[in-house]
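Undergrad: dropping a prediction and its sequence here:
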Amino acid sequence: MTQPDSPLSGNLEASTSFETINPATGQLIQRYSVAGAESVSQAVAKARAIFPVWKAVSLEARANLLRSVMQALHGRADEIAALISRETGKPLADALEADVGTALGVLGYYANIGPKRLKSRPIQPDLISVITGRLHLETFHPRGVIAIISPWNYPLAIPASGLATALMAGNTVILKPSELTPATGRWLIELVRETLRQHYLPEDIAQCLMGDGSTGAALIQQNVDGIIFTGSDKTGRRIQQAVSGRAVWTSMELGGSDAMLVLEGCPLETAASYALWGRYTNAGQACAAVKRLLIPRHSAAAFLGHLQAKIARLQVGPPENPENHIGPLISEAQLHLLDSQVQDALEKGARLLAGGKRIERPGWFYEPTLLTDVPENARILHEEVFGPVLPVIPYDSPDEAIALMNASAFGLTASVFGPEPQARAIAGRLECGTVVINDVGPSNYAMPCAPWGGWKNSGSGASHGERALLDLSRVQVVSVNRLFRMPGLQKPLWHFGNRTDLLIARSKTVLAFSSAHPSIWNPLTWLAFWHNRASTKI
Ligand code: NAD
């Protein structure tokens with residue numbers, strides 16, 4: 001399924017400057033210079049030169065740095081929340097909760113698990129390893145220079161996630177924040193650089209490049225060791241094409257068209273509350289927002305009634321008014337794209353139950369919109385819809401609902417509401433990276449222990465969790481032959497020059513033993529494992 005070109009991305013024309021506009025007023029915020037190819041190349045050279053210094057810093061000291069960044073961020077939470085609010089138009093409470101809160105959580109999480117998880121550790125041996133006296137150690141090394149290219153919708157939380165993981169693993173980082181929210185990205189990197197200085201470490205361990213898509217494109221052309229990209233599937237594909245043929249590690253966190261399934265027996269008013277927040281938070285501009293909702297046909301009217309009543313109470317407006325629940329869309333181009341998706345659905349026969357148009361006031365506000373009876377060929381069911389628009393789809397059987405949920409080119413998250421055993425059974429049939437039971441997708445992003453990554457066009461790799469930390473490391477196996485120390489056992493039987501009859505007899509014994517039921521030989525491998533752990537002081 002092809003996606004419309006993001007009106008925000010892919011600006012690869014060589015421009016020398018760009019400006020940010022307050023989406024709640026349409027007023028200019030600031031003009032910036034675009035970092036060109038030369039600045040990009042200098043930044044990468046600096047990051048590479050500093051890499052051996054940071055790599056040599058102990059795991060505990062790296063964790064201490066993350067803790068200090070966390071404390072500094074906590075101390076200046078109001079300042080950064082106000083900046084996020086100005087650049088994105090989102091309410092201050094959202095900036096604090098979803099951006100600052102998530103960033104603090106992720107910094108603390110990796111500072112906590114990093115030193116333990118990245119320590120060298122023995123691997124539980126197989127039978128042949130035990131017989132040959134091997135100790136295998138898994139050791140973790142940083143990849144090198146990591147480019148982080150991030151979007152505007154959570155302009156602090158998303159780059160902070162990549163940054164915390166990459167730094168904990170010992171990498172140097174270069175952030176290219178979105179051209180729509182550059183000041184927030186730069187603020188984060190300045191905070192890290194200040195903290196590095198306080199820890200007597202080189203500040204170039206973390207750098208920021210201001211610019212648009214052309215700066216991002218120049219950055220990935222450089223000799224970087226890894227790319228953490230979060231953004232649209234279109235740009236993600238461009239990046240993958242640009243680096244194809246190069247041995248560069250990538251993590252792609254892309255778009256979604258996530259579905260929420262309400263099962264029989266689920267309290268409808270409560271489910272409507274979750275749907276309301278899941279779809280309209282951040283003005284609907286979240287990768288894992290509820291973008292399609294499935295409801296049993298005979299409950300549809302009651303559910304839609306609850307949702308309509310709740311939508312009617314939503315207040316849309318600029319973030320200066322703390323009573324407002326929803327801010328503007330990020331740009332005029334985004335507003336036009338969203339409106340074209342709604343109009344397409346209406347022209348094809350969808351029924352409008354709320355909203356459906358731009359709010360006439362300065363800035364780029366769109367009415368919270370509710371649609372039903374949306375025909376299968378409507379764009380809204382297949383493209384990513386990045387705004388406050390929810391199509392509700394009645395279904396007749398769970399099998400039909402599951403098929404509809406999976407009928408998307410995306411596979412980021414899904415949510416299932418209803419009795420837990422039934423919901424858990426359905427989870428295994430859904431084609432997506434995260435299934436949330438009795439909650440919605442965006443909440444999970446704030447839980448850094450849970451790996452976050454998409455299937456299908458929603459990306460590859462994962463941010464968060466132990467997995468992301470290991471992904472940002474190169475794993476090296478160190479295999480030690482412990483029989484080497486023992487006189488008489490130093491030379492293996494299979495070396496040339498040993499008696500062939502002894503070799504054959506030994507091979508047959510080993511073959512018989514290893515093809516026996518594992519319960520016969522497995523205790524031996526456990527014994528060796530515990531011995532290895534004890535002798536390597538893990
Ligand atoms: P985007 O793809 O337009 O831009 C993302 C970043 O890529 C920006 O910094 C941009 O300057 C840069 N860029 C653009 N062209 C580039 C190129 N050719 N080479 C390198 N970099 C380039 O995305 P956006 O509009 O900023 O963000 C919204 C999208 O991000 C949505 O699709 C949303 O679903 C997705 N998203 C995904 C997640 C996730 O975790 N999966 C989280 C947040 C947002």
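TA: Everything's here; your move. Numbers count the residues shown, from 1 in each chain.

Undergrad: for the most centrally placed residue in the chain, list each beta-bridge partner.
TA: The centroid of the chain falls nearest to S463 when counting by CA atoms, centre = their mean (4.2 Å). With DSSP bridges as the criterion, the beta-bridge partners of S463 are W452.

Undergrad: measure Y32 to the ligand for me?
TA: Distance of Y32 to the ligand, computed by CB to the nearest ligand atom, to the nearest Å: 12 Å. C-beta: built from backbone N, CA, C; applies to glycine.

Undergrad: let me fix that: S68
TA: 26 Å.

Undergrad: residues in contact with the closest residue to that residue other than its chain neighbours?
TA: Take S68 and drop its neighbours on the chain: the residue closest to it by CB to CB, 6 or more residues apart in numbering is T195, 4.8 Å away. Contact analysis of T195 by CB atoms under 8 Å, 6 or more residues apart in numbering lists 65, 68-69, 72.

Undergrad: and T195, that's in a helix?
TA: Yes: judged by DSSP: H, G, I helix; E, B strand; the rest coil, T195 forms part of a helix.

Undergrad: my guess is the residue nearest to the centre of the chain meets A450, correct?
TA: No: contact criterion CB atoms under 8 Å: S463 and A450 do not qualify, at 10.2 Å.

Undergrad: the ligand contacts on the stretch 251-400 of the chain?
TA: Neighbours of the ligand within the stretch 251-400 of the chain, by CB under 6 Å from any ligand atom: 253-256, 287, 384, 386.

Undergrad: what subset of these is buried?
TA: Using 16 or more other CB atoms under 10 Å as the burial test, these include 253-256, 287, 384, 386 as buried.

Undergrad: can you pull out the low-pLDDT segments for the stretch 101-250 of the chain?
TA: Within the stretch 101-250 of the chain, the set of residues satisfying pLDDT under 70 is empty.

Undergrad: what residues does it have near the ligand?
TA: Residues of the stretch 101-250 of the chain lying close to the ligand (CB under 6 Å from any ligand atom) are 149-153, 158, 176, 178-179, 212-213, 216-217, 220, 230-232, 235, 238-239.

Undergrad: got a PyMOL select line for the buried ones in the residues you listed?
TA: Buried residues among those (16+ other CB under 10 Å), as a PyMOL selection:
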select buried, resi 149+150+151+152+153+158+176+178+179+212+213+216+217+220+230+231+232+235+238+239
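
Undergrad: quick one: which of the residues of the stretch 101-250 of the chain next to the ligand sit in helices?
TA: Judged by DSSP state H, these include 158, 213, 216-217, 220, 235, 238-239 as members of helices.

Undergrad: hmm, back to that, export the residues of the stretch 251-400 of the chain next to the ligand to TSV and tack on secondary structure?
TA: Output for those, formatted as TSV (three-state DSSP):
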residue	secondary structure
E253	strand
L254	coil
G255	coil
G256	coil
C287	coil
E384	coil
F386	coil
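
Undergrad: mind listing what the residue of the stretch 51-200 of the chain found nearest the ligand touches?
TA: When scored by CB to the nearest ligand atom, the stretch 51-200 of the chain has P151 as its residue closest to the ligand, at 3.0 Å. Listed by CB under 8 Å, 6+ apart, the contact set of P151 reads 158, 178, 230-232.

Undergrad: okay, helices next: where are they in the stretch 101-250 of the chain?
TA: Remark: helices assigned in the stretch 101-250 of the chain by DSSP state H, counting those that start in this stretch are 102-117, 127-131, 157-168, 182-198, 213-221, 233-243.

Undergrad: deepest-packed of those helices, please.
TA: Highest mean neighbour count of the helices of the stretch 101-250 of the chain: helix 157-168, a mean of 28 (counted as mean count of other CB atoms under 10 Å).

Undergrad: so which elements touch that helix?
TA: Helices and strands touching helix 157-168, as assessed by 3 or more CB pairs under 8 Å, 6 or more residues apart in numbering; DSSP states H and E, comprise helix 59-75, helix 102-117, strand 145-149, strand 172-176, helix 182-198, strand 226-230, helix 465-471.

Undergrad: can you rerun that using 6 Å?
TA: Here helix 157-168 touches helix 102-117, strand 145-149, strand 172-176, going by 3 or more CB pairs under 6 Å, 6 or more residues apart in numbering; DSSP states H and E.

Undergrad: mind listing the helices for the stretch 251-400 of the chain?
TA: Along the stretch 251-400 of the chain, counting by DSSP H, counting those that start in this stretch, helices occupy 268-280, 300-312, 332-347, 398-406.

Undergrad: mind putting those helices into TSV with mean pLDDT and mean neighbour count?
TA: Shown next, in TSV, are the helices of the stretch 251-400 of the chain (pLDDT from 0 to 100; neighbours: other CB atoms under 10 Å):
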stretch	mean pLDDT	mean neighbour count
helix 268-280	98	21
helix 300-312	98	17
helix 332-347	98	18
helix 398-406	98	17
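
Undergrad: to A61, which of those helices lies closest?
TA: With CB to CB as the criterion, A61 lies closest to helix 268-280 of the helices of the stretch 251-400 of the chain, at 40.0 Å.

Undergrad: centre of the chain to the closest one, how far?
TA: From the chain centre to the centre of helix 268-280 is a distance of 23 Å (CA atoms, centre = their mean, to the nearest Å).

Undergrad: one more: stretch 208-227?
TA: Distance of stretch 208-227 from the chain centroid (CA atoms, centre = their mean) equals 19 Å.

Undergrad: tell me how far the ends of it are from each other?
TA: End-to-end distance of stretch 208-227 (CA to CA, to the nearest Å): 14 Å.

Undergrad: how about residues contacting that stretch?
TA: Residues outside stretch 208-227 that contact it (CB atoms under 6 Å, 6 or more residues apart in numbering) are 9-12, 18, 32, 34-35, 37, 40, 43-44, 143-147, 149, 175-176, 179, 182, 185-186, 189, 239, 242-243, 249-250.

Undergrad: domain ranges for the chain?
TA: Following automatic domain parsing, one gets these domains for the chain: 33-254+466-475, 259-447, 493-534.

Undergrad: for G26, which of the ones you listed is the nearest?
TA: Closest to G26 of the domains of the chain is domain 259-447 (CB to CB; 5.1 Å).

Undergrad: endpoint to endpoint, the closest one covers what distance?
TA: End-to-end distance (CA to CA), domain 259-447: 20 Å.
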